[in-house]
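**Q** Model the following, please.
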Amino acid sequence: MLKMKIAVLLATGLLASCVDAQTNVEATIKKALEPRLSGAKIESVKETPYSGLYEVRVAGDILYTDKKGEYLVIGQVYDVKSSRNLTRERIDEVNKIKFSDLPLEMALKQVKGNGKRVIAVFEDPNCGYCKRLRQTTLKEIDNVTIYTFMYNILSEDSSVKSKNIWCAPDRNKAWDDWMIAGKVPPTTPAACESPNEKVLALGQKLRITGTPAIFFADGSRIPGAIDLKALEGKFDSLEGKAGK
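**A** Numbering: from 1, shown residues only. Next up, the predicted model:
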């Protein structure tokens, strides 16, 4: 019994010392790096299993440093044997969202075919890449439900267009008329309310820094426009994971 108590005490002390050591390293790294990150805050510091590097999370991105914060590594870490991009996998993991928490009532909803596959897309009405995505990939794909959040980050005119589209009698038609055909949405009464400000706050909370940004049912995201083949490939990979 005495031996067991001693073992427990030793294990507890060892655990506490490990926690303290990690806390000290995190504090050291934050103190050394934060003043050099242009005002950005370090969200977390985590020791990695490769080459004594520490993972530093900043604004949804990942940087690497040594335990004293004297050196900063900006780039991707690959597993040579498997050719896996470990940095990309880690960024995808930490930036995942809970899809069911998205306020879908603030989005346009378009159902194509059976609508079984679901995505949420954040787009600015004045974004050229968003228009290209809308004119090609999202126009061609079938059997999907598309929730479109009008995320106005490019100009004040973006907010004006989004409000006019939101307040139109047929929102989806007004959106496609503008994004696909270039038909400017008619001006709506000033009293009409839109979720513009709430969507902007949501996008900032989700660290969306550019449009388009596509979110999938598993919470993963793809930043930027993609072609039909890549989007179908992503859906196939999600179905494969669900079947396991």
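**Q** With only the CA atoms kept, save stretch 184-198 in PDB.
**A** Listed next in PDB are the C-alpha coordinates belonging to stretch 184-198 (Å, rounded to 0.1, in the frame of the first residue of the first chain):
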ATOM      1  CA  VAL A 184     -27.700  44.700 -61.300                       C
ATOM      2  CA  PRO A 185     -30.300  44.000 -58.600                       C
ATOM      3  CA  PRO A 186     -33.000  46.700 -58.300                       C
ATOM      4  CA  THR A 187     -32.800  49.100 -55.300                       C
ATOM      5  CA  THR A 188     -35.100  48.000 -52.400                       C
ATOM      6  CA  PRO A 189     -36.800  50.200 -49.800                       C
ATOM      7  CA  ALA A 190     -34.500  51.500 -47.100                       C
ATOM      8  CA  ALA A 191     -36.600  50.000 -44.400                       C
ATOM      9  CA  CYS A 192     -35.900  46.500 -45.600                       C
ATOM     10  CA  GLU A 193     -33.500  44.800 -43.200                       C
ATOM     11  CA  SER A 194     -30.700  42.400 -44.200                       C
ATOM     12  CA  PRO A 195     -28.300  40.200 -42.100                       C
ATOM     13  CA  ASN A 196     -25.300  41.900 -43.600                       C
ATOM     14  CA  GLU A 197     -23.600  43.000 -40.400                       C
ATOM     15  CA  LYS A 198     -24.300  39.600 -38.700                       C
END
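**Q** May I have the phi/psi pair for V45?
**A** Dihedral angles phi and psi of V45 (degrees, to the nearest 10) take the values phi -130, psi 130.
**Q** Now do the contacts for it.
**A** Shown in contact with V45 (CB atoms under 8 Å, 6 or more residues apart in numbering): 25-26, 29-30, 54-57. The C-beta positions use only the backbone N, C-alpha and C, and glycine is treated the same way.
**Q** In strands only, show me the residues you listed.
**A** When the contacts of V45 are checked against strands (DSSP state E), the matches are 54-57.
**Q** buried sites along stretch 228-244?
**A** Across stretch 228-244, burial judged by 16 or more other CB atoms under 10 Å covers 231-232, 234-235.
**Q** Same question for stretch 84-94.
**A** Going by neighbour count (16+ other CB under 10 Å), the buried part of stretch 84-94 is 86-87, 90-91.
**Q** Pick the one among those closest to Q135.
**A** I91 (28.8 Å; CB to CB).
**Q** Check the closest one and give its pLDDT.
**A** What the model reports for I91 is a pLDDT of 86.
**Q** what's around the residue lying closest to it once chain neighbours are set aside, how many residues?
**A** Nearest residue to I91, sequence neighbours excluded (CB to CB, 6 or more residues apart in numbering): I62, at 5.5 Å. By the measure other CB atoms under 10 Å, the count of residues near I62 is 22.
**Q** Now name the helix or strand holding I119.
**A** Taking DSSP states H and E as the criterion, the element that holds I119 is strand 117-123.
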